[in-house]
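Trainee: what follows is a predicted protein model with its sequence.
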Amino acid sequence: QVQLVESGGGLVQAGGSLRLSCVISGRTFSNYAMGWFRQAPGKEREFVAAIGWSGIITVYADSVKGRFTISRDNAKNTVYLQMNSLKPEDTAVYYCALDKFVSKVASTYDYWGQGTQVTVSS
């Protein structure tokens with residue numbers, strides 16, 4: 001059974017930082033690409049960042065480029081999202097997801113975590 005468990009969310013002031021983690025079990029983690037998505041109240045789920053199986057390929061949404069960094073540790077079955085210079089518009093539930101290939105499209109991802117809340121106050 002595949003499980004993805006996010007952690008690291010919380011309340012932070014604008015300009016602050018958070019690091020999200022997502023631990024995967026039930027799959028050979030190093031064979032898969034990983035993505036981060038977010039969903040704000042009343043909005044559709046949107047792509048944030050994705051990383052290939054080796055960590056060499058990374059892709060970001062324009063809205064987070066230069067502020068967020070996705071990385072992975074295959075030895076720990078964990079993917080991270082370092083979020084710096086946070087803005088109130090970054091407030092959302094953040095989800096990690098597993099896919100065979102790097103993708104910006106949520107429907108291509110096979111497995112999802114339960115989400116972790118990130119709230120950025122102004």
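Mentor: Received it, and whenever you're ready, just let me know what you need. Please read these numbers as outputs of a predicted model, since none were measured by experiment. Numbers count the residues shown, from 1 in each chain.

Trainee: show me the shaky parts of this structure.
Mentor: Scanning the chain for pLDDT under 70 picks out no residues.

Trainee: let's see it at 80
Mentor: 27 (pLDDT under 80).

Trainee: can you map out the helices along the protein?
Mentor: For the chain, no helices are identified by DSSP state H.

Trainee: how are the strands of this structure distributed by residue range?
Mentor: 3-7, 10-13, 18-25, 33-39, 46-51, 58-60, 68-73, 78-83, 92-99, 111-112, 116-121 (DSSP state E).

Trainee: and these: which comes nearest Val105?
Mentor: strand 46-51 (7.5 Å; CB to CB). Just so you know, the C-beta spots here come from the backbone N, C-alpha and C atoms, and that holds for glycine as well.

Trainee: what helices or strands is that closest one leaning on?
Mentor: Helices and strands touching strand 46-51, by 3 or more CB pairs under 8 Å, 6 or more residues apart in numbering; DSSP states H and E, are strand 33-39, strand 58-60, strand 68-73, strand 78-83.
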